[in-house]
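1. quick one: sequence plus predicted model below, questions after.
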Amino acid sequence: MNERASLGNIDGGIQVGKSAPMGGLPRRKEPISATGSALARMLRLQHSLRTFYREMGKPKVCFVLGGPGAGKGTACEFLVKKHGLAHLSAGDLLREERKRAGSTYGELIESCIVQGTIVPVEITCKLLENAMNKIMTESNGEQDKFLIDGFPRNLDNLEGWTKQMDGKTDDRIVLYLNCPLEVCEARIMERAKTSGRSDDNIEALRKRFKTYEESTKGIIEHYRGIGKVREVDSSQSKEAVGDAVSKLWSRTLAMSSSHLFLLTHYGPVLTHRTQPGDLFMLIPLALHLDNFQFSYFLCFFQVDVSVIIKWRKVLTIKRSRNAWKVCLKSG
Ligand SMILES: Nc1ncnc2c1ncn2[C@@H]1O[C@H](COP(=O)(O)OP(=O)(O)OP(=O)(O)O)[C@@H](O)[C@H]1O
Ligand SMILES: Nc1ccn([C@H]2C[C@H](O)[C@@H](COP(=O)(O)O)O2)c(=O)n1
């Protein structure tokens, strides 16, 4: 999303844009009443924000990486059930394309799968983009949060995605499922009894491990270097991994895919595209602006309610001298 885009009025004269002049707005004489009208206004605002996101929101992407058998698909299924995210597995899409009658790429895909090498990105990226567009279209833009499992797996994947999808998605975070390869091997050999996958055998698996070590780990390190990796020890039980990824989603991933809105006397101001740490910087900044009195101040995240609940433990909204103020809770 273009952070600087001014969307005109979304809720009765509200200016939305990164450059909205927080300190420079003319001050209203009367604070908004603390009664029903404020609540009604908030509800209207919430509705407007939903529309805003629906219309303007790019697909928000969480890449899921880890070794073969680390539990990427299993963790994604859990997140789909618990948080209603869309799950796109690059491997599944490639297997489907391989099976599709008349596919130009069937043989190439099969050979890469059996050799444990990586399919050229043009193919994988197009499959991912088509699948994402289909889900967005069918859900009328409502489903805009995607877990992309098993991608980007090498430099070609990373560069190809950056080039092909430039500006089309909001790539937020990488969920890295860290699991020792011995554990992965035992899981895959167990899965091999029923999966029917042509690469679930020890020979193909060793090649996949090699590709993982030589190519995918570098991609994870690249994302770690830019602060996007969230790591979970996936050698734990399925339940423990499910809990960990779910908490991570609620507390970090969901929040990081959001914007911060300040609700002021003057209406909501979209201040910032937030990263997890930004919020901590913004709140004290807002509280110490002398000439900018907040009648009320709320953070809207396009997230799970648990994030809001979490914030309510830190923030309290108080009425003081006829105006609502936000305070940090002590202790
Ligand atoms: N935490 C876990 N504990 C025990 N078994 C698990 C756990 N997570 C997944 N499994 C099992 O391990 C196997 C591999 O899991 P899964 O398919 O989710 O891995 P993956 O990382 O997606 O693998 P691949 O990259 O090969 O597709 C499955 O049979 C799954 O049921
Ligand atoms: N980005 C990707 C993802 C997968 N593949 C191919 C090669 C993999 O060994 C195979 C299976 O993937 P998995 O289901 O284990 O995620 O699919 C690829 O080439 N590029």
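-> Sure, I can see it. Numbers count the residues shown, from 1 in each chain. Ligands and ions are numbered 1, 2, ... in the order given.
2. which stretches in the chain count as strands?
-> Remark: strands assigned in the chain by DSSP state E are 60-66, 86-89, 145-149, 170-178, 229-233, 259-264, 267-273, 315-320, 323-328.
3. packing partners for the second one?
-> Put plainly, it is strand 86-89. If contacts are counted by 3 or more CB pairs under 8 Å, 6 or more residues apart in numbering; DSSP states H and E, strand 86-89 sits against helix 72-83, helix 121-138, strand 145-149. (Glycine included, C-beta is placed from N, CA and C.)
4. which one of the ones you listed lies nearest to Val183?
-> Set against Val183 and scored by CB to CB, the helices and strands packed on strand 86-89 come closest in helix 72-83, at 13.0 Å.
5. any residue of the closest one touching ligand 2?
-> No: Helix 72-83 lies apart from ligand 2 when judged by CB under 6 Å from any ligand atom; the minimum separation is 6.7 Å.
6. what is the mean pLDDT for that helix?
-> For helix 72-83, mean pLDDT is 96.
7. need the residues that contact that helix.
-> With contacts defined as CB atoms under 8 Å, 6 or more residues apart in numbering, helix 72-83 is touched by 64-66, 85-87, 89, 145, 147, 149-150, 175, 177, 232, 234, 238, 241-242, 245-246, 249-250, 254, 304.
8. what parts of the stretch 101-250 of the chain come near ligand 2?
-> Listed as neighbours of ligand 2 in the stretch 101-250 of the chain under the rule CB under 6 Å from any ligand atom: 112-113, 116, 118-119, 124, 150-151, 153, 157, 199, 208.
9. how about those residues in JSON lines, adding distance to ligand 1 and pLDDT?
-> Formatted as JSON lines, those follow (distance: CB to the nearest ligand atom, whole Å; pLDDT from 0 to 100):
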{"residue": "Cys112", "distance to ligand 1": "14", "pLDDT": "97"}
{"residue": "Ile113", "distance to ligand 1": "11", "pLDDT": "97"}
{"residue": "Gly116", "distance to ligand 1": "11", "pLDDT": "95"}
{"residue": "Ile118", "distance to ligand 1": "12", "pLDDT": "98"}
{"residue": "Val119", "distance to ligand 1": "14", "pLDDT": "98"}
{"residue": "Thr124", "distance to ligand 1": "14", "pLDDT": "98"}
{"residue": "Gly150", "distance to ligand 1": "6", "pLDDT": "98"}
{"residue": "Phe151", "distance to ligand 1": "11", "pLDDT": "98"}
{"residue": "Arg153", "distance to ligand 1": "10", "pLDDT": "98"}
{"residue": "Asn157", "distance to ligand 1": "14", "pLDDT": "98"}
{"residue": "Asp199", "distance to ligand 1": "8", "pLDDT": "97"}
{"residue": "Arg208", "distance to ligand 1": "7", "pLDDT": "98"}
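10. up against ligand 1, what does the stretch 151-300 of the chain have?
-> 187, 191, 234, 236-238, 241.
11. out of those, which comes closest to ligand 2?
-> Arg191 (10.5 Å; CB to the nearest ligand atom).
12. low pLDDT regions in the chain?
-> 1-57, 251-331 (pLDDT under 70).
13. which stretches in it count as helices?
-> Under the criterion DSSP state H, the chain contains helices at 36-56, 72-83, 90-99, 106-115, 121-138, 155-164, 181-195, 202-211, 217-225, 238-248, 254-256, 278-287, 305-312.
14. make a markdown table out of these and add mean neighbour count and distance to Asp170.
-> Shown next, in a markdown table, are these (neighbours: other CB atoms under 10 Å; distance: least, CB to CB, whole Å):
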| stretch | mean neighbour count | distance to Asp170 |
| --- | --- | --- |
| helix 36-56 | 14 | 11 |
| helix 72-83 | 19 | 17 |
| helix 90-99 | 19 | 19 |
| helix 106-115 | 16 | 28 |
| helix 121-138 | 17 | 12 |
| helix 155-164 | 17 | 13 |
| helix 181-195 | 15 | 30 |
| helix 202-211 | 16 | 28 |
| helix 217-225 | 15 | 15 |
| helix 238-248 | 17 | 18 |
| helix 254-256 | 24 | 10 |
| helix 278-287 | 14 | 15 |
| helix 305-312 | 13 | 17 |
